[in-house]
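>>> Build me a structure from this.
(chains A and B)
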There are 2 protein chains.
Amino acid sequence: MSFNIEIIGFLAATLTTTSFVPQVFRIWKTKEVKDISFMMYLSMFFGVSLWFYYGFLINSISMMIANIVSALLVLVILFFKKSYSKKE
Amino acid sequence: MSFNIEIIGFLAATLTTTSFVPQVFRIWKTKEVKDISFMMYLSMFFGVSLWFYYGFLINSISMMIANIVSALLVLVILFFKKSYSKKE
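Predicted structure coming up:
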């Protein structure tokens, strides 16, 4: 696989992984989670966990790092969703 | 790459791609987007678009399909966020 292609993959991984950061900060600031879908982040958590395992199976360190970071950020959002949900 | 490893990748792609569906339905139903981070989905959109391009470069049809579907779902959420945001 060429060096240039791996730069695209690295850029893509950086964008998709760090995308969760502004959502974490928004909830951290507002303590509001009403419009957030729990099911989305639950499915995303199992998805990125499987991507991590896939990265492990194909010996891709970058996939393992990107997906373990994503899994942790998604876990924080799931925790926020449970903690800040008001009884409706 | 073995068949078993590709099953893990297929499962992972299915989970991460379909994870956006419950969020789309939630907004569709409630018309509420206040707690959703625009920056998250903007970064996610560019990220999955680059993953699509990466899939194209390495000739992975499954990566191209998974990421074009993700990009479309993320685009719907971005459109909802802009449409349903109230002036604060």
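>>> contacts for the top helix by length along chain A?
Longest helix of chain A, by residue count under DSSP state H: helix A:61-84. Residues from elsewhere that reach helix A:61-84 (Cβ atoms under 8 Å, 6 or more residues apart in numbering or on different chains): A:9-10, A:13-14, A:16-17, A:20-21, A:23-24, A:27-28, A:31-33, A:36, A:38, A:41-42, A:44-45, A:48-49, A:51-52, A:54-56. All C-beta atoms are positioned from the backbone trio N, CA, C, and that covers glycine.
>>> Pretty sure A:V33 is one of the things A:S85 touches, is it not?
Yes - assessed by Cβ atoms under 8 Å, A:S85 is found in contact with A:V33 at 5.9 Å.
>>> Helices of chain A, start to end?
Assigned by DSSP H, chain A shows helices spanning A:3-18, A:20-30, A:38-57, A:61-84.
>>> The closest residue to A:M44 other than its chain neighbours: how many residues sit nearby?
Computed as Cβ to Cβ, 6 or more residues apart in numbering or on different chains, the closest residue to A:M44 that is not its neighbour in sequence is B:S19, at 4.1 Å. Using other Cβ atoms under 10 Å in any protein chain shown, B:S19 has 23 neighbouring residues.
>>> Buried residues in the longest helix of chain A, which are they?
Buried residues in helix A:61-84, defined by neighbour count with 16 or more other Cβ atoms under 10 Å in any protein chain shown: A:63-64, A:66-71, A:73-78, A:80-81, A:84.
>>> same check, this time on stretch A:15-25
Result for stretch A:15-25 [16+ other Cβ under 10 Å]: buried residues A:L15, A:T16, A:T17, A:T18, A:S19, A:F20, A:V21, A:P22, A:Q23, A:V24.
>>> Quickly name whichever of those residues is closest to B:F3.
Distance to B:F3 across the buried residues of stretch A:15-25 (Cβ to Cβ) is lowest for A:T16, with 26.2 Å.
>>> for chain A, which residue is closest to the average position?
A:S70 (2.9 Å; Cα atoms, centre = their mean).
>>> ok, now how distant is that residue from B:F25?
A:S70 sits 22 Å away from B:F25, going by Cβ to Cβ, to the nearest Å.
>>> before we move on, what about A:W28?
Separation of A:W28 from B:F25 (Cβ to Cβ): 26 Å.
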